[in-house]
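A.B. asks: Whatever this is, show me its structure:
(one chain, ligands or ions: 1)
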Amino acid sequence: MGNYQSEKTYLLGVIGGGVMARAIICGAAQAGVFAPDKVCICEPDEAKRAAFGREGFHTTTNARSLAENCNYLLFAVKPQVFPAVAEDLRGASLPVLISIMAGKTKRAVRTALNAEAKIARVMPNLPCCVGEGMAGVDVSELSEEEKTFVLGLFSAVGKAVEVPEERLDAVTGVSGSGPAYVYLFLRSLVKAGMEQGLTEEQANALALQTVKGGAAYAEQSGKSYDELIAAVSSKGGTTVAALSSFEADGFESAVSRAVSAAVKRAKELSE
Ligand SMILES: NC(=O)c1ccc[n+]([C@@H]2O[C@H](COP(=O)([O-])OP(=O)(O)OC[C@H]3O[C@@H](n4cnc5c(N)ncnc54)[C@H](OP(=O)(O)O)[C@@H]3O)[C@@H](O)[C@H]2O)c1
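C.D. replies: Numbers count the residues shown, from 1 in each chain. Below is the predicted model:
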């Protein structure tokens with residue numbers, strides 16, 4: 001594997017230099033996973049290529065030549081663009097593939113490429129843009145060294161948890177789509193605060209810091225959610241009044257139904 005790596009020009013090739021690719025490779029370069037000059041990005045947009053170039057990354061418009069000159073190839077294009085990319089790569093000698101494309105199963109990727117390459121399938125989420133991402137990662141086809149690379153890549157921009165491919169739809173339902181649930185809750189809390197006389201700025205500061213602080217304390221304290229809820233609730237107090245109202249409105253089952261809907265949709269979109 002060591003010799004094999006040194007034969008290739010780049011450690012990592014990236015197809016598609018958009019929002020997710022930028023977050024992942026810039027975060028990983030900052031964390032010291034690799035030097036920018038070990039990475040080459042294939043991207044049609046000249047301005048995006050120039051921006052990557054200023055940060056020390058190599059760029060290209062030739063996906064096929066890139067695929068043949070890297071140890072790992074990350075597919076970070078939109079799923080609907082993938083058939084055209086696959087057409088370009090057909091018959092090429094492919095390295096270990098890493099796909100973050102939503103809804104594209106390893107089987108679909110392999111069929112489109114008509115190749116037997118090893119594939120890691122990953123479902124990351126948007127907060128990887130600020131180093132606080134969460135990724136579900138299926139690396140079951142990879143060697144230990146390859147697994148370490150892929151897990152290291154996504155751990156550099158947040159956290160990564162290994163799951164079998166058949167659980168990636170569940171990951172989508174919890175953490176892939178999850179940031180939107182947090183924003184919905186935040187928006188509702190800000191609106192409720194304004195209804196109680198706070199300015200938008202005040203309500204937003206209170207809501208945002210409460211979600212951040214609540215998550216940080218949950219993570220650091222190691223307490224269960226029941227214990228944490230109990231720690232904020234005194235008998236006959238304000239929190240209990242709010243929690244009873246949430247319960248009466250079916251909050252937990254609403255969350256459960258929402259996650260089921262996301263997972264169902266992920267399955268429908270998978271190919
Ligand atoms: N955003 C998320 O929260 C999220 C979460 C999980 C997974 N994902 C997955 O991540 C992938 C990338 O999403 P994104 O939000 O980063 O999308 P994006 O910002 O649109 O990035 C895709 C990039 O691919 C480029 N591109 C288009 N055609 C290409 C081609 N033939 N060869 C090479 N590059 C090409 C696009 O360039 P132009 O703009 O010039 O067309 C664009 O820069 C998607 O498959 C998505 O399902 C996203």
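A.B. asks: What are the buried residues along stretch 110-125?
C.D. replies: By 16 or more other Cβ atoms under 10 Å, the buried positions in stretch 110-125 come out as 110, 112-113, 115, 117-125. Bear in mind the C-beta positions are built from the backbone N, C-alpha and C, glycine included.
A.B. asks: Without its sequence neighbours, what residue ends up closest to Lys8?
C.D. replies: Asn71 (5.1 Å; Cβ to Cβ, 6 or more residues apart in numbering).
A.B. asks: hang on, the one you found is in a strand, isn't it?
C.D. replies: Yes. Per DSSP: H, G, I helix; E, B strand; the rest coil, Asn71 lies within a strand segment.
A.B. asks: about what we covered before: which of the buried residues of stretch 110-125 come close to the ligand?
C.D. replies: 123-125 (Cβ under 6 Å from any ligand atom).
A.B. asks: re earlier: look at the residue nearest to Lys8 and say how many residues are nearby.
C.D. replies: Other residues within reach of Asn71, judged by other Cβ atoms under 10 Å, total 20.
A.B. asks: pretty sure it is touching Val96, no?
C.D. replies: Yes. The pair Asn71 and Val96 qualifies as a contact (Cβ atoms under 8 Å) at a distance of 6.8 Å.
A.B. asks: just to revisit the earlier point, let's see which of the ones next to the ligand among the buried residues of stretch 110-125 end up in strands.
C.D. replies: Members of these lying in strands (criterion: DSSP state E): Met123.
A.B. asks: Including pLDDT, could the ones next to the ligand among the buried residues of stretch 110-125 go into JSON lines?
C.D. replies: Shown next, in JSON lines, are these (pLDDT from 0 to 100):
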{"residue": "Met123", "pLDDT": "97"}
{"residue": "Pro124", "pLDDT": "97"}
{"residue": "Asn125", "pLDDT": "95"}
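A.B. asks: between the ones next to the ligand among the buried residues of stretch 110-125, which is nearest Leu168?
C.D. replies: Comparing those against Leu168 with Cβ to Cβ places Met123 closest, at 5.1 Å.
A.B. asks: ok, now which ones touch that closest one?
C.D. replies: By Cβ atoms under 8 Å, 6 or more residues apart in numbering, the contact set of Met123 is 100, 102, 135-137, 168, 171-172, 175-176.
A.B. asks: For Thr238, state which of the ones next to the ligand among the buried residues of stretch 110-125 is nearest.
C.D. replies: Distances from Thr238 to those, taken by Cβ to Cβ, are shortest for Asn125, at 32.7 Å.
A.B. asks: The closest one contacts Glu132, correct?
C.D. replies: No. With contact defined as Cβ under 8 Å, Asn125 and Glu132 do not form a contacting pair (9.2 Å).
A.B. asks: Which phi and psi values does Asn62 adopt?
C.D. replies: Main-chain dihedrals, Asn62, degrees, to the nearest 10: phi -110, psi 90.
A.B. asks: what's near enough to touch the closest residue in space to it that isn't next to it in sequence?
C.D. replies: Closest residue in space to Asn62, ignoring its immediate chain neighbours: Cys42 at 6.8 Å, by Cβ to Cβ, 6+ apart. With contacts defined as Cβ under 8 Å, 6+ apart, Cys42 is in contact with 13-17, 59-63, 66.
A.B. asks: Buried ones among these?
C.D. replies: By neighbour count, with 16+ other Cβ under 10 Å, these hold 13-17, 59-60, 63, 66 as buried.
A.B. asks: Keep only those of the residues you listed that are also close to the ligand.
C.D. replies: Among the buried ones among the contacts of Cys42, the residues within reach of the ligand (Cβ under 6 Å from any ligand atom) are 15-17, 63.
A.B. asks: can you list those in TSV and add secondary structure?
C.D. replies: As requested, those are arranged in TSV below (three-state DSSP):
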residue	secondary structure
Ile15	strand
Gly16	coil
Gly17	coil
Ala63	helix
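A.B. asks: Just the buried residues of stretch 110-125: which are in helices?
C.D. replies: Judged by DSSP state H, helices contain the following of the buried residues of stretch 110-125: 110, 112-113.
A.B. asks: how much space between the residue sitting furthest away from the middle of the chain and the ligand?
C.D. replies: Here the chain reaches farthest from its C-alpha mean at Gly236, the gap being 41.3 Å by Cα atoms, centre = their mean. To the ligand, Gly236 is 43 Å away according to Cβ to the nearest ligand atom, to the nearest Å.
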